[in-house]
Each structure stands twice: as structure tokens, then as C-alpha cells.
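Undergrad: Any chance you can model this:
(chains A and B)
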Amino acid sequence: MAYIIGEGSDRDPRSIPVSTRDGSPIPNFRRAEDPPEVRRGAAEMFKGEHGNARLRSSSSTYNCVGHVFAARRTWVESDHLPMILERDGYSQIDDSRKLWVGDIVVYENPHGEITHVGQVVEIQPNLEDGGRKLIILSKWGVYGEYVHELLDVPLRLGSPKVFWTERREV
Amino acid sequence: MTALEAMNEIERLPFAVRVGLANSFRAFLRNITSEPSVNELLVLAKSRDVALQVLQRVLSLSKLRVDFRYLHRFDIALATYLWILSRTYPEFATAGAEGTVYLPRTWWTEQVSGYILGEWSRRSNTPTSVSGGHRTQMSRTSLRVPRDSSRTRYLALRQRKACYR
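TA: Next up, the predicted model:
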């Protein structure tokens, strides 16, 4: 196996310095913007399939991990997510009823691979079952950033499986 | 479905939208393999004539004028064709990858080309190939790409390509 020295690091011109809370570098790459007609077409398709999801922004320069952990500045492969969660000091939440605004939802496919991540931005009362409805903000692949209900994501982004928080007790 | 129909489908926007729902290279490969048109073309491209047709398509798409403000309009289609060739005629995949490696505004194509030409990606520390629903470590064998000196050429080309970014 061959390596290019420094690829994805601060010596790579396509990468920006991003690190975890303990200082470990997060490999990342800045992706070019998709053509406007592609982003428009994607928005139209998702509007038809996910009518309740609201498009917040349409840019293809970052992905869901870049949205949550790199302030929308760059693309971070979802394979790096476990390392980021561990080194940022996140702890797992065993029950979605304990989720709070700012917590993280990790989506997985049926093979147990991480496919997506989003952030809880709102919790509404669910009048149907008396429970809570979680509203998530997440970036859908290379396409738009959407405000949506927990389960309302394209099939290929998987389903919510694990919840994480970095909340600290006072 | 004929090879031409499959290629038309692969170059359409809905295909790009479905396959582009990926947050990692591995997810991208999995999305490709979930597409019926890709599986059809994969079967058809076992014929040398069809594989040549796919290679010609790769080369003609790679000659299209690139708008430097944006990603290549056919980035996903190019990456898909290269992946199909890597599974059927690795020597054609190598030729295609060498033809696309100069392209300045690609994302998935660059990553697939990298694998084909032997520059195994370090963007992910985890396995990136998809096989029968289970994770498998990607290797030269799984991509069926012959070992040659392409990697050296690729690294040189890639350095030149960085000038465009």
C-alpha cells in the first residue's frame, strides 16, 4: 500500500485544519460545488419524496459529518465518526426519550455501517401518542441541508440507530 | 435493457441524486451496486465490445469542457463507468482512469481512479469495498486490477492536477 505524505492533513491544499477536542487531526477534503442544475434537480426530487422536510441550504462542499463537526467548512468521511465521537468525549444515550437539543443522531444501514449523522434542533410534543417528536437538522449526502423528522430521510441514509451527547452535568 | 439505455440512465440526474446520497466512498460504492442499471451494464460489459463502448464513453465525457466553478457534471457517471470496467476489463479501467485523472473538478471519479491506478485512498481507515452485503477489505484482487507501474504515473499526474485546485 502506498501513501502520499500528508494527504488530508494541513499540508494538503485541499484540506483545512480540523481537530477533535483532544487535538487529534480529523482528515478532511474540500469538495467543489455541484452545478446549480444538479442541486436544483436534487431539491425537486426530495421535495416530492419528503414533502415535510424543509430545505435549509443547498451546498455540496461539505457532508453530514462536516456539517456537525467542522462547521460546514469541509467534507469528513463518515468512517471517521467513531474516532471523532470518542475523542470529543461524547457519551452514548441508551434511550431516545433522553435526547435533548444539540444531541447527535447516528444513522446506520442494515449492515451496521454508519451512513448519516444529524443534530437534534427541536423537540415537539407528539399529539398522536403523547410522546415527543424529534426534529433533526442534517446534510443529505452531497445535496441539501434539511430540517426533518427523525425518520424522514432518504432510504439510502439509513435509519436512526445510536444517539450521542457531549452534555456535562453542572 | 441495452448498454446504451443503461448508460443513458446512468447519466441522468435522478441516478446522480440517488447515488450521491453518500457520506463516504464506501457508501458511494454501495449505492452504485444498488442501482439496477449498473447491474445490467455490469453483466453486459462482460462482452469486450460493450466494455469498449463504456470505455469510449468515459473518454468522450472526460473531454467535455469543464466549468471550473463547479464539479464535473458527469462525475458520478464517470466514476460508475470506471467501477464497472474495473469489475470486467481491468485493462480498460486503467486506460479510463488514466484518461480521467487529468480532470480538475471531479470527486468520486478521482477516488475510483485512485483505486484503479493503485493509489489506495487513505481518506478512510476502514474497508471500502462492498461485497454481498458484508464488509470486505478492498484489495487489488477485489478490484481485479493488474499490478503495473500505473501508480507511479498516477502520483505524478495527481501532483500536476493539484495545480488546478
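
Undergrad: now what about the helix or strand where residue A:107 lies, what contacts it?
TA: Using DSSP states H and E, residue A:107 sits within strand A:104-108. Applying C-beta atoms under 8 Å, 6 or more residues apart in numbering or on different chains, the external contacts of strand A:104-108 come out as A:68, A:81, A:85, A:90, A:99, A:114-120, A:134, A:136, A:138, A:150, A:153, A:157-165. No exception for glycine: its C-beta is placed from N, CA and C like everyone else's.

Undergrad: Now narrow the residues you listed to whatever sits close to chain B.
TA: Among those, the residues that sit close to chain B (C-beta under 8 Å from any C-beta of the partner chain) are A:114-117, A:157.

Undergrad: which residue packs closest to residue A:136, ignoring adjacent ones?
TA: Spatial nearest neighbour of residue A:136, excluding adjacent residues (C-beta to C-beta, 6 or more residues apart in numbering or on different chains): residue A:118 at 4.1 Å.

Undergrad: Now do the helix or strand containing the one you found: which elements does it pack against?
TA: Using DSSP H and E, residue A:118 maps to strand A:114-125. In terms of contacts (3 or more C-beta pairs under 8 Å, 6 or more residues apart in numbering or on different chains; DSSP states H and E), strand A:114-125 is packed against helix A:64-69, helix A:81-87, strand A:104-108, strand A:132-139.

Undergrad: try 7 Å this time
TA: helix A:64-69, strand A:104-108, strand A:132-139 (3 or more C-beta pairs under 7 Å, 6 or more residues apart in numbering or on different chains; DSSP states H and E).

Undergrad: what's the burial count for residue B:64?
TA: Neighbours of residue B:64 under the rule other C-beta atoms under 10 Å in any protein chain shown: 11.

Undergrad: and it, what does it touch?
TA: Residues near residue B:64 by C-beta atoms under 7 Å, 6 or more residues apart in numbering or on different chains: none.

Undergrad: So it: helix, strand or coil?
TA: Three-state assignment for residue B:64 (DSSP: H, G, I helix; E, B strand; the rest coil): coil.

Undergrad: pLDDT score for it?
TA: Looking at residue B:64, its pLDDT is 90.

Undergrad: residues from chain A in reach of chain B?
TA: Applying C-beta under 7 Å from any C-beta of the partner chain, we find that chain A lies next to chain B at A:1-3, A:7-8, A:13-14, A:27, A:29, A:31-35, A:38, A:41-42, A:45, A:60, A:63-65, A:77-79, A:111, A:113, A:115-116, A:140-143, A:154, A:156-157.

Undergrad: what are the ranges of the strands in chain B?
TA: B:129-131, B:134-136 (DSSP state E).

Undergrad: And those strands, which one averages the lowest pLDDT?
TA: Of all the strands of chain B, the minimum mean pLDDT falls on strand B:134-136 (a mean of 35).

Undergrad: Output the below-cut-off pLDDT ranges for chain A.
TA: In the predicted model, chain A carries pLDDT under 70 at residues A:1-13.

Undergrad: Apply 80 and report the result again.
TA: A:1-14, A:169-170 (pLDDT under 80).

Undergrad: one step back: by how many degrees do the strand holding residue A:107 and strand A:132-139 diverge?
TA: 80 degrees (axes from the mean of the first three to the mean of the last three C-alpha atoms, to 10 degrees).

Undergrad: Report the distance from strand A:104-108 to the chain centre.
TA: Relative to its parent chain, strand A:104-108 has a centroid offset of 8 Å by C-alpha atoms, centre = their mean, to the nearest Å.

Undergrad: Restricting to C-alpha, output that strand in CSV.
TA: This file holds the C-alpha atoms of strand A:104-108, laid out as CSV (Å, rounded to 0.1, in the frame of the first residue of the first chain):
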residue,chain,number,x,y,z
ILE,A,104,-26.4,13.8,17.9
VAL,A,105,-28.2,11.0,16.0
VAL,A,106,-26.2,8.5,14.1
TYR,A,107,-28.0,6.6,11.3
GLU,A,108,-26.9,3.2,10.0
